[in-house]
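> Any chance you can model this:
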Amino acid sequence: MAQSKKKTILALTGAVLLTSALTACGSNNNNGNAANANANKSPDAATESPAATSDASSERYEKPVTLKLMIDNQTSTEGIKAVADEIEKRYNIKTEFDLRPGGDEGDNLVKTRLATGEMDDLSFYNSGSLFKALQPEKYFLDLTSEPFMQNVVDSFLPTVSVDGKTYAAPSGASQAGAWLYNKKVYAELGLSVPKTWDELKANNEKIKAAGKTAVIGSYKDSWTSQLIVLADYANVTADAPTFADDFTNNKAKFADTPAALRSFQKLAEMKDYMNKDYLATTYDQALKMLVDGTGVQYPMLTFALSNIFATYPDKIDDIGVFAQPADSADKTALTVWMPAGIAIYKDGKNVEAAKKWINFFASPEGMALLATKAKPEGPYVIKGATLPNDAYAGVKEMMPYFDNGNNAPALEFLSPLKGPSLPQLTVEVGAGMKSPEDNAKAYDKDVEKQAKQLGIAGW
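Below you'll find the predicted structure:
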């Protein structure tokens, strides 16, 4: 998908930022969001110190050590600074923020710094294919055997690993491609969260019969049309576990892999349940429909929860989240947009201090401090990290998918290929202009052009 939590899912206009979340152009961090200003300043979770970081005094440097941290200027640093301040108190390690541009300019700067040996001690950068394009095995420290990596949820590791070695730790909370739904309307109509695609369609029929829009379409902002296809990837992996690698290496296509083609078919099946004006409806209008209850379900990235909280704070607890259902309940899983990674420049002068910095940051206590300034838009990918008491209700509903291991990264975190024409193609399928089979083939051709431009082997 659109990577980056996203050269994201925040000084630009809302529409531009949301579009960037689905186009892999920047930072997939979840360290700051639209709700930061309203975040609880002292959740109970932040008052507990895990054993792993309790012996801070014996680890404190006698003389101050300063680490430089490179991060894009589109990511809120308020939460990160809260953690950095605590690191300074405990370890006498100061953090100097080195802000870089977002987008291609920022990517080029990172690559130049690496090539010239001038990279900062720590780097926040997209996890997934963009991170792997930096050749982390050449420039960043191998963290595979570091004790703090044992705290990291398994599903994050493939997004920052090359040849079985891991080169970054997670920077915060995840997001998910899922279905947002109005819990009040669900209760009024006696509906249960669907575990299968047929159950979802049955709910759609009941919602439609009640005179409401079952599935909100907002194709005026064409990037939103991709969500049903993108959010299905965790379900695709259940039937085609090697699809990401095969897709990247020109050994599998969407059109000829039944599990992947099914994502396009699911999109086509939703047309009759959408609002009549879906081609003219915007993302912002879709959120209003959802909170008002005139529209009941909206396939979307969960960063939308922060947008809802910022605009309709009294309605946020009415909005729940469920994973896009598979055809079989035992295969339904949550598709996750992973947070950015924190990498250590292996030729830096303060490698040990940098490891100490990450050891605290990527801990349950570090995540609790982060949460005092930035509401999470998905579960943390640090084992033992708990959501703050005031976390969004929808995020709390996502926790079982993590507790049970029923989640997987979105395809864009596992493959560098995402054809630029996907929004146009999904609009056509969702609107019934083209068949899912035809546009799956068209997407495969779009990807082929991209793969050749990128010079990927096998194409």
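
> Convert stretch 247-266 to CSV, retaining C-alpha atoms only.
Extracted in CSV, the C-alpha atoms of stretch 247-266 (Å, rounded to 0.1, in the frame of the first residue of the first chain):
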residue,chain,number,x,y,z
PHE,A,247,4.9,-10.8,-6.4
THR,A,248,8.2,-8.9,-6.1
ASN,A,249,10.1,-11.5,-8.1
ASN,A,250,7.6,-11.7,-10.9
LYS,A,251,6.5,-15.2,-9.9
ALA,A,252,2.9,-14.3,-8.9
LYS,A,253,0.3,-11.8,-10.1
PHE,A,254,-2.9,-10.4,-8.6
ALA,A,255,-4.9,-11.7,-11.6
ASP,A,256,-3.7,-15.3,-11.4
THR,A,257,-3.5,-15.7,-7.6
PRO,A,258,-7.0,-16.5,-6.4
ALA,A,259,-6.5,-15.1,-2.9
ALA,A,260,-5.1,-11.8,-4.3
LEU,A,261,-7.8,-11.5,-7.0
ARG,A,262,-10.3,-12.0,-4.3
SER,A,263,-9.4,-8.6,-2.9
PHE,A,264,-10.6,-6.9,-6.1
GLN,A,265,-13.7,-9.1,-6.2
LYS,A,266,-14.6,-8.0,-2.6
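
> Quick check: buried residues in that stretch?
Neighbour-count burial for stretch 247-266, with 16 or more other CB atoms under 10 Å as criterion, is recorded at 247-248, 250, 252-255, 257, 259-266. C-beta here means a position set from N, CA and C on the backbone, and glycine is covered the same way.

> do stretch 339-353 as well
Buried residues in stretch 339-353, counted by 16+ other CB under 10 Å: 339, 340, 341, 342, 343, 344, 345, 346, 348, 350, 353.

> again with stretch 180-200
Applying 16+ other CB under 10 Å to stretch 180-200 flags 180-186, 191, 193-197, 199-200 as buried.

> What of stretch 378-392?
For stretch 378-392, the neighbour count (16+ other CB under 10 Å) marks 378, 379, 380, 381, 382, 385, 386, 387, 388, 391, 392 as buried.

> Now the phi/psi pair for the closest residue to the last one other than its chain neighbours, please.
Leaving aside its chain neighbours, residue 392 sits nearest to residue 305 (4.7 Å; criterion: CB to CB, 6 or more residues apart in numbering). With angles defined as degrees, to the nearest 10, residue 305 shows backbone torsions of phi -60, psi -40.

> Reformat the buried residues of stretch 339-353 as a markdown table; add distance to residue 209 and secondary structure.
As requested, the buried residues of stretch 339-353 are exported to a markdown table (distance: CB to CB, whole Å; DSSP: H, G, I helix; E, B strand; the rest coil):
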| residue | distance to residue 209 | secondary structure |
| --- | --- | --- |
| 339 | 40 | coil |
| 340 | 44 | coil |
| 341 | 47 | strand |
| 342 | 50 | strand |
| 343 | 52 | strand |
| 344 | 57 | strand |
| 345 | 59 | strand |
| 346 | 61 | coil |
| 348 | 62 | coil |
| 350 | 64 | coil |
| 353 | 62 | helix |
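
> Residue 263 and residue 236 touch, don't they?
Yes - Residue 263 is in contact with residue 236 according to CB atoms under 8 Å; the separation is 6.5 Å.

> ok, how many other residues are close to the residue nearest to residue 392?
28 (other CB atoms under 10 Å).

> Ok, residue 231 next?
As a burial measure, residue 231 scores 26 neighbours (other CB under 10 Å).

> Make sure it is actually in contact with residue 178.
Yes - under the criterion of CB under 8 Å, residue 231 makes contact with residue 178 at 6.0 Å.

> tell me, what's touching the two both at once?
Residues touching both residue 231 and residue 178 (CB atoms under 8 Å, 6 or more residues apart in numbering): 299, 323, 324, 335.

> In helices, which of those appear?
Per DSSP state H, helices hold no members of these.

> Switch these over to a markdown table; also include distance to residue 401, pLDDT and neighbour count.
Output for those, formatted as a markdown table (distance: CB to CB, whole Å; pLDDT from 0 to 100; neighbours: other CB atoms under 10 Å):
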| residue | distance to residue 401 | pLDDT | neighbour count |
| --- | --- | --- | --- |
| 299 | 16 | 98 | 25 |
| 323 | 6 | 98 | 27 |
| 324 | 11 | 98 | 27 |
| 335 | 10 | 98 | 28 |
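
> Quick check: of these, which lies closest to residue 412?
Set against residue 412, the nearest of those by CB to CB is residue 335 (10.3 Å).

> Would you agree the closest one is in contact with residue 230?
Yes - taking CB under 8 Å as the definition, residue 335 is a contact partner of residue 230 at 7.0 Å.

> Would you mind putting the buried residues of stretch 339-353 into a markdown table with distance to residue 359 and pLDDT alongside?
Formatted as a markdown table, the buried residues of stretch 339-353 follow (distance: CB to CB, whole Å; pLDDT from 0 to 100):
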| residue | distance to residue 359 | pLDDT |
| --- | --- | --- |
| 339 | 17 | 96 |
| 340 | 18 | 96 |
| 341 | 15 | 97 |
| 342 | 11 | 98 |
| 343 | 14 | 98 |
| 344 | 11 | 98 |
| 345 | 17 | 98 |
| 346 | 17 | 97 |
| 348 | 16 | 97 |
| 350 | 14 | 97 |
| 353 | 10 | 97 |
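
> Report the two of the residues you listed separated the most.
339 and 350, at 23.5 Å, using CB to CB across the buried residues of stretch 339-353.

> got any residues that touch both of residue 335 and residue 230?
177, 410.

> Looking at stretch 190-208 now, give me its mean pLDDT.
On average, the pLDDT along stretch 190-208 is 98.

> contacts for that stretch?
Residues from elsewhere that reach stretch 190-208 (CB under 8 Å, 6+ apart): 179, 181, 185-186, 189, 213-215, 266, 269-270, 273, 296-297, 320, 322, 325-329, 332.

> try stretch 269-283
14-15, 18, 201, 204, 207-208, 213-221, 224, 228, 289, 295, 427, 430-432.

> Sort out which one of the shared contacts of residue 231 and residue 178 lies nearest residue 108 for me.
For those, the nearest to residue 108 is residue 335 (29.8 Å; CB to CB).

> bridging residues for that closest one?
Beta-bridge pairing of residue 335 under DSSP bridges involves residue 177, residue 408.

> re the thing from before, the contacts of stretch 190-208 in strands, which ones?
179, 181, 213, 214, 215, 296, 297, 320, 322 (DSSP state E).

> what's the closest of these to residue 78?
For those, the closest approach to residue 78 (CB to CB) belongs to residue 320, at 27.3 Å.
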